[in-house]
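Enquirer: With the input below, show me the fold.
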Amino acid sequence: MAEFIYQTYGETQNPTKLFIYLHGFNHNQENNDKLLAEAAPLFVKTLLVAPLSDIGCEKNPHTRQWYSIDAFDPQNRRRNPQSSVDEIMDIYDTAGEQLAAAALRMNHFISEMQQKYQIDDGHTYLAGFSQGAQLALYTALTRKSVIGGCIMFSGIVAGKNLLEKEMVSHPQILLMHGDKDEKILSKTHEASRHWLLRHGLHLKSIYMPELDHKVVEAELQEAAKMLNLHTR
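Expert: Got it, this is the predicted structure:
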């Protein structure tokens, strides 16, 4: 039995690549269905896999989360435009231990999917939205072997101090963020970009104009470019 319940989209018969997508905070499988079903045709010979966290969301019993942040930020200072970027990064840094634990499980899930579909690390891509992007990055950088790439939609470098100690891998990173994002504030994009560059990551960074906290087709097309360049 797999580490997480999951749904698949796209090439289910003979895929040559895996695209594992991690949902955001307060999401469920329904949030993924329309997005990934529409995205699947963009990805050549690729199986899209969407695992569902088994942790109930603290905001809604019908949705899920990968970790709890409210315990560390009950006043939502991370979403206050008056909060400095350094303060916001420090708030997300408190999630390090939870992310580390979740990343261990996610790396086990990745290996399960690779074994099932006979796909190696070089043809495996890990993506996520918002909180899922944070976990995707932590997982990719702490995986012992280098995956094909990590794609962050509306994310931020979270758990940075622990991640710095645990990081063993340097995959390609695609970092995308809308300039109207009020949930993971747009102004944190540069801080995440600079952290990744300082730590030697191969990075493509895109700041999406007039985009709030969601995934849009233009971002999916950018992700597909990364995968479709790598064929076998």
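Enquirer: Just the buried residues of the lengthiest helix in the chain, please?
Expert: Using DSSP state H, we find that the single longest helix of the chain is helix 96-117. By neighbour count with 16 or more other C-beta atoms under 10 Å, helix 96-117 contains the buried residues 96, 98-100, 102-103, 105-107, 109-110, 112-114, 117. To be clear about C-beta, it is placed using only N, CA and C from the backbone, and glycine gets the same treatment.
Enquirer: now do stretch 219-232
Expert: Neighbour-count burial for stretch 219-232, with 16+ other C-beta under 10 Å as criterion, is recorded at 219, 220, 222, 223, 224, 226, 227.
Enquirer: Would you pull up how far it lies from the middle of the chain?
Expert: Taking C-alpha atoms, centre = their mean, to the nearest Å, one finds the center of stretch 219-232 at 16 Å from the center of the full chain.
Enquirer: who touches it?
Expert: Stretch 219-232 has contacts (C-beta atoms under 8 Å, 6 or more residues apart in numbering) with 16-17, 19, 39, 42-46, 122-123, 125, 127, 148-149, 151, 153, 172, 174, 176, 204, 206, 208.
Enquirer: so residue 10 makes contact with residue 48?
Expert: Yes - the pair formed by residue 10 and residue 48 meets the contact definition of C-beta atoms under 8 Å, at 4.5 Å.
Enquirer: Those two: who's more crowded?
Expert: When residue 10 and residue 48 are compared on other C-beta atoms under 10 Å, the one with more neighbours turns out to be residue 48, at 26 against 20.
Enquirer: Can you tell me who the nearest residue to residue 189 once chain neighbours are set aside pairs with across the strands?
Expert: On the basis of C-beta to C-beta, 6 or more residues apart in numbering, the spatially nearest residue to residue 189 that is not a chain neighbour turns out to be residue 177, at 4.2 Å. Legend: beta-bridge partners of residue 177 under DSSP bridges are residue 207.
Enquirer: Output the lowest mean pLDDT helix or strand found in the chain.
Expert: Per-element confidence for the chain was summarised using mean pLDDT, DSSP states H and E. The lowest value among helices and strands belongs to helix 29-39, with a mean of 91.
Enquirer: I'd like the average pLDDT over stretch 221-232.
Expert: Stretch 221-232 carries an average pLDDT of 82.
Enquirer: What count of nearby residues applies to residue 207?
Expert: Applying other C-beta under 10 Å, I find that residue 207 has 14 neighbouring residues.
Enquirer: residues contacting the residue located most distally from the centre of the chain?
Expert: Most distant residue from the mean C-alpha position of the chain: residue 82, 26.1 Å away (C-alpha atoms, centre = their mean). With contact set as C-beta under 8 Å, 6+ apart, residue 82 has no partners.
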